[in-house]
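Peer 1: My questions concern the predicted model and sequence given below.
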Amino acid sequence: MQLHPNVQAVQDALDAAGARAAAGEPAEVRMLPTAVHTAVAAAAALDVQVGQIVNSLVFNAAGEPLLVLTSGAHRVDTDRVAAAVGAAWVRRATAELVREHTGQPIGGVAPLGHPKPVRTLVDRTLSGYNEIWAAGGVPQAVFPITYAELVRVTAATPTDVA
């Protein structure tokens, strides 16, 4: 089965980085039977806690794209994030800005596999889980990974974002 180009880009990035899931096996994108546009839906489909779902949220940080990888159990505090990155302000990105910088649709944005690197923060709360799940480039694609691997493969800065 041929993968959607976004999913293939994510899998290629995972492979190139040598990304590993919790049991040490290679991180591999999996296709769910239906799209999961929310952390709650993804958690239900995977039978995991909502906190184990990595929401990949793109923000406009004073004119620069910023990817925030947060636990599905959290809401991002944009004032806190602005202070963390030294930006005058931070607000949710438009769908156009998301696609321009990630090549992926809202609801399926992966932490990697973008046309070029995007400055990335990762929620420290995710470190409390042995395995976390992130989107794979489209709303029905996901992959398992550990917190340490997520930080490594995305070059993200661990931050308190909620």
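Peer 2: Now that the structure is in, tell me what you want to look at. Please read these numbers as outputs of a predicted model, since none were measured by experiment.
Peer 1: Heading C-terminal from the longest helix anywhere in the chain, find the next helix or strand.
Peer 2: Secondary structure of the chain per DSSP state H: the longest helix is helix 5-17. Following helix 5-17 in sequence order, the next helix or strand is strand 30-31 (DSSP states H and E).
Peer 1: So what touches that following strand?
Peer 2: By CB atoms under 8 Å, 6 or more residues apart in numbering, the residues outside strand 30-31 that reach it are 7, 136, 140-144. For glycine as for every other residue, the C-beta is placed from the backbone atoms N, C-alpha and C.
Peer 1: repeat that for 6 Å
Peer 2: Strand 30-31 has contacts (CB atoms under 6 Å, 6 or more residues apart in numbering) with 140-142.
Peer 1: Quick one: buried ones out of the residues you listed?
Peer 2: By neighbour count, with 16 or more other CB atoms under 10 Å, the contacts of strand 30-31 hold 140-142 as buried.
Peer 1: which among these gets closest to Ile132?
Peer 2: Closest approach to Ile132 among the buried ones among the contacts of strand 30-31 (CB to CB): Val142, at 10.3 Å.
Peer 1: returning to that earlier point: mean confidence for the longest helix of the chain?
Peer 2: Helix 5-17 shows an average pLDDT of 97 in the prediction.
Peer 1: mind listing what's buried in it?
Peer 2: Taking 16+ other CB under 10 Å as the criterion, helix 5-17 shows 6-7, 9-11, 13-14 as buried.
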